[in-house]
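Engineer: what follows is a predicted protein model with its sequence.
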Amino acid sequence: MSRRVVITGMGAVTSLGMGADSLWQAIANGKSGISRIERIDVADLPTQVAAEIKAFDAGAFMDRKEAKRMDRFAQYAVAATRLALEEARLDEEDLQQARAGMMIGTGIGGLETLENQHRVLLEKGADRVSPFLVPMMLPNMAAGMVAIKYRIKGFVECVVTACASSTNAVGDAFKLIRRGAADVMIAGGTEAPITRLAMAGFCASKTMSTNLDAASACRPFDAQRDGFVMGEGSGVLVLEELQHAIARGAGIIAELVGYGCTNDAYHMTAPAPDGEGAAHCMQLALADAAIGPEAVQYINAHGTSTELNDKIETAAIKSVFGQHAHRLAVSSTKSMTGHLLGAAGGIEAIITASAIRDGFVPPTINYNQPDPACDLYVVPNQGENRSIRYALSNSFGFGGHNATLVLKAYG
């Protein structure tokens with residue numbers, strides 16, 4: 001019999017605040033974390049808004065000397081992990097006594113460090129490049145630094161599957177516990193992509209919104225959507241084998257019961273036009289959870305606010321859920337958090353677990369003009385009370401990566 005896996009702690013670092021509770025309260029109230037970018041000069045870019053974290057103090061979560069040797073994306077992960085462990089009431093000693101491991105995903109890694117040090121190379125010469133360039137920019141270093149801080153010597157890994165990274169990380173960690181390879185896993189994702197180079201690159205690909213009004217720039221499923229809005233931060237969950245959690249008296253937020261993972265094998269950046277890969281991913285997740293489509297009440301959609309994603313995800317949901325698709329609540333919380341790329345799935349798993357716990361479906365804000373190609377109930381503009389037994393969280397990434405989690409109310 002498969003071992004059961006529960007969520008006992010959640011930590012979030014986002015533009016909507018520090019901590020999972022701050023994030024959830026803002027999301028439930030339909031508050032946007034998107035604003036004009038201040039950290040970098042964007043005057044020459046068509047996109048000038050993002051879900052930027054304005055006042056992150058790394059020293060509040062780690063030694064300041066250590067922080068100087070971490071890229072921003074790793075700092076965010078260390079902070080989110082600390083917040084998750086505090087909620088789970090686990091410390092370094094507990095982790096060393098347990099069979100503990102970690103999987104932290106990221107889409108890009110230390111791009112800010114790479115960009116800064118390339119500037120040093122050009123302006124000051126090779127002998128002025130930091131010896132910490134390589135370790136600070138490596139995508140696995142968020143997981144590495146958390147492992148060092150908490151002396152986690154078990155299964156520690158980094159997942160890099162673009163915007164599906166942290167959903168894959170949570171799903172793979174879930175599988176490790178379920179098959180008996182670990183009792184506790186720290187899992188999620190982190191990203192710090194608000195840099196000149198990243199913004200210029202995404203602008204060049206014409207995938208980001210050029211709406212200069214931060215309040216309305218991200219509008220998933222709306223007919224006037226014109227691209228995604230960048231976000232940054234980290235979302236980390238503590239997963240535990242059920243009996244391990246019960247034995248130590250842990251509070252249980254929700255249960256993780258299914259995971260699907262597929263690839264479109266179609267295009268570098270565009271989703272398969274028929275949504276086949278996304279649909280198959282959801283079907284695998286439902287089968288893994290041993291439930292039928294009609295058991296689900298809510299889907300936290302990938303919902304990027306791009307023309308292709310939103311209509312293709314809608315088609316995929318309809319192909320999997322049939323007539324039940326129109327009874328589902330489907331919302332995109334990226335309308336408030338922005339798109340955190342490799343960290344999106346971690347943040348959205350936290351939001352989905354919170355929705356199940358509180359019996360409240362978060363809204364899709366900025367939904368004003370219906371798109372006939374996106375004709376599901378997207379919980380427009382205001383959240384609503386709704387009992388949720390099962391929920392899905394979808395993440396789809398460049399390279400055709402698809403990942404879906406199935407979460408369940410505990411009990």
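Structural biologist: Alright, I've got the coordinates.

Engineer: so Gly144 sits in a helix?
Structural biologist: Yes - Gly144 forms part of a helix when assessed by DSSP: H, G, I helix; E, B strand; the rest coil.

Engineer: which non-adjacent residue is nearest Ala67?
Structural biologist: Spatial nearest neighbour of Ala67, chain neighbours left out: Ala58 (3.9 Å); criterion: Cβ to Cβ, 6 or more residues apart in numbering. The way it works is simple: take the backbone N, C-alpha and C, and place the C-beta from them, glycine included.

Engineer: what is the burial count for His324?
Structural biologist: His324 has 16 neighbouring residues, counting by other Cβ atoms under 10 Å.

Engineer: how close does the nearest residue to it once chain neighbours are set aside sit to Thr333?
Structural biologist: Excluding the flanking residues, the one nearest His324 by Cβ to Cβ, 6+ apart is Glu294, at 5.0 Å. Per Cβ to Cβ, to the nearest Å, Glu294 is found 24 Å from Thr333.

Engineer: what's the weakest-modelled helix or strand in the protein?
Structural biologist: Every helix and strand of the chain was ranked by mean pLDDT, DSSP states H and E. The lowest is helix 92-97, at a mean of 84.

Engineer: show me which residues of it are buried.
Structural biologist: For helix 92-97, the neighbour count (16 or more other Cβ atoms under 10 Å) marks Leu95 as buried.

Engineer: of Glu294 and Thr333, which one has the most company?
Structural biologist: Taking other Cβ under 10 Å, Glu294 and Thr333 do not tie; Thr333 has more neighbours (32 against 13).

Engineer: got a pLDDT number for the more buried one?
Structural biologist: On pLDDT, Thr333 comes in at 98.

Engineer: try the one 3 residues further on
Structural biologist: As summarised for this prediction, Met336 has a pLDDT of 98.

Engineer: which helix or strand contains it?
Structural biologist: helix 334-337 (DSSP states H and E).

Engineer: what sits up against that helix?
Structural biologist: The contact list for helix 334-337 (Cβ atoms under 8 Å, 6 or more residues apart in numbering) reads 14-16, 23, 26-27, 30-34, 51, 218-220, 228-229, 231, 233, 302-305, 344, 347, 363-367.

Engineer: just the ones of those in helices?
Structural biologist: Residues of the contacts of helix 334-337 located in helices (DSSP state H): 23, 26-27, 344, 347.

Engineer: what segments of the stretch 151-300 of the chain are helices?
Structural biologist: Here the stretch 151-300 of the chain has its helices, by DSSP state H, counting those that start in this stretch, at 165-178, 196-204, 242-247, 276-289.

Engineer: can you report phi and psi for Val5?
Structural biologist: Main-chain dihedrals, Val5, degrees, to the nearest 10: phi -120, psi 130.

Engineer: contacts only, for it.
Structural biologist: Each residue near Val5 by Cβ under 8 Å, 6+ apart is listed here: 174, 177-178, 239-242, 255-257.

Engineer: need those residues in a markdown table (columns: neighbour count and distance to Leu284).
Structural biologist: Converted to a markdown table, the contacts of Val5 look like this (neighbours: other Cβ atoms under 10 Å; distance: Cβ to Cβ, whole Å):
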| residue | neighbour count | distance to Leu284 |
| --- | --- | --- |
| Phe174 | 24 | 13 |
| Ile177 | 26 | 19 |
| Arg178 | 19 | 15 |
| Leu239 | 27 | 19 |
| Glu240 | 27 | 24 |
| Glu241 | 21 | 22 |
| Leu242 | 17 | 23 |
| Glu255 | 20 | 18 |
| Leu256 | 26 | 15 |
| Val257 | 22 | 13 |
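
Engineer: quick revisit: what sits up against the least confident helix or strand of the chain?
Structural biologist: With contact meaning Cβ under 8 Å, 6+ apart, helix 92-97 is reached by 85, 150-153, 184, 248.

Engineer: can you give me the offset of it from its chain's centre?
Structural biologist: Averaged C-alpha coordinates place helix 92-97 at 26 Å from its chain's average position (Cα atoms, centre = their mean, to the nearest Å).

Engineer: in what helix or strand does the residue nearest to Pro293 when sequence neighbours are not counted lie?
Structural biologist: Ranked by Cβ to Cβ, 6+ apart and with sequence neighbours excluded, the top spatial neighbour of Pro293 is Phe321, at 4.5 Å. Per DSSP H and E, Phe321 falls inside helix 307-321.

Engineer: elements contacting that helix?
Structural biologist: With contacts taken as 3 or more Cβ pairs under 8 Å, 6 or more residues apart in numbering; DSSP states H and E, helix 307-321 sits against helix 276-289, strand 390-397.

Engineer: and of these, who's closest to Leu376?
Structural biologist: With Cβ to Cβ as the measure, strand 390-397 is the member of the helices and strands packed on helix 307-321 nearest Leu376 (12.5 Å).

Engineer: let me see the contact set for Arg99.
Structural biologist: 154, 181-184.

Engineer: so how far is Glu240 from it?
Structural biologist: Separation of Arg99 from Glu240 (Cβ to Cβ): 11 Å.

Engineer: what sits in contact with each of these two?
Structural biologist: 183-184.

Engineer: in the longest helix seen in the chain, what's buried?
Structural biologist: Longest helix in the chain by number of residues (criterion: DSSP H): helix 72-88. Buried positions in helix 72-88, judged by neighbour count with 16+ other Cβ under 10 Å: 72-85, 87-88.

Engineer: surely His324 meets Pro293?
Structural biologist: Yes - the pair His324 / Pro293 is scored as a contact, 5.4 Å apart, by Cβ atoms under 8 Å.
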